[in-house]
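S.K.: generate coordinates for the sequence data below:
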Amino acid sequence: MIDAVSAIATGALVIDVRERDAFERGHIVGALAVPLEELRRRATEFAGITDKELIIYCGDGSTLGPEGTKVLNDARHPDAKNLTEGYSGWKTAGHPVASGAK
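M.R.: As a prediction, the model looks like this:
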């Protein structure tokens with residue numbers, strides 16, 4: 001797992017690329033809900049954020065998260081990284097989670 005806890009503590013931007021209903025059921029505290037298709041449309045906007053590391057995640061870290069990370073890497077944001085364990089790994093590890101819309 002990337003050191004997401006440290007990255008978040010130092011101001012990383014966390015992006016949940018799952019569908020909004022999955023985000024509302026549970027997400028990493030402070031994460032933004034940006035479903036993958038929306039991220040594709042807004043990739044240059046996020047690539048313009050150069051002063052923060054971007055942590056991208058999906059449910060299990062092996063489907064949408066890697067795709068979202070590639071979208072941002074291709075849009076020239078080399079600091080975008082996939083949370084390989086995804087939301088489920090984060091929650092299982094006992095890290096802070098929230099529910100509801102944001």
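S.K.: only C-alpha atoms for contact and neighbour calcs from this point on.
M.R.: Noted.
S.K.: could you list the low-pLDDT ranges of the protein?
M.R.: 1-2, 102 (pLDDT under 70).
S.K.: so where do the helices sit in it?
M.R.: 4-9, 20-25, 36-47, 64-74, 86-92 (DSSP state H).
S.K.: quick one: buried residues of the first one?
M.R.: Put plainly, it is helix 4-9. Within helix 4-9, the residues scored as buried using 16 or more other Cα atoms under 10 Å are 4, 7-8.
S.K.: now the last one
M.R.: In terms of neighbour count (16+ other Cα under 10 Å), helix 86-92 has its buried residues at 86-91.
S.K.: which strands and helices sit next to it?
M.R.: strand 27-28 (3 or more Cα pairs under 8 Å, 6 or more residues apart in numbering; DSSP states H and E).
S.K.: what packs against the strand it packs on?
M.R.: helix 86-92, strand 97-98.
S.K.: would TSV of the ones you listed with distance to Thr44 be doable?
M.R.: TSV is the format used below for those (distance: least, Cα to Cα, whole Å):
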stretch	distance to Thr44
helix 86-92	23
strand 97-98	28
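S.K.: how near is the spatially closest residue to Ala7 that is not a sequence neighbour to Thr63?
M.R.: Excluding the flanking residues, the one nearest Ala7 by Cα to Cα, 6 or more residues apart in numbering is Glu53, at 7.2 Å. Using Cα to Cα, to the nearest Å, one obtains 20 Å as the distance from Glu53 to Thr63.
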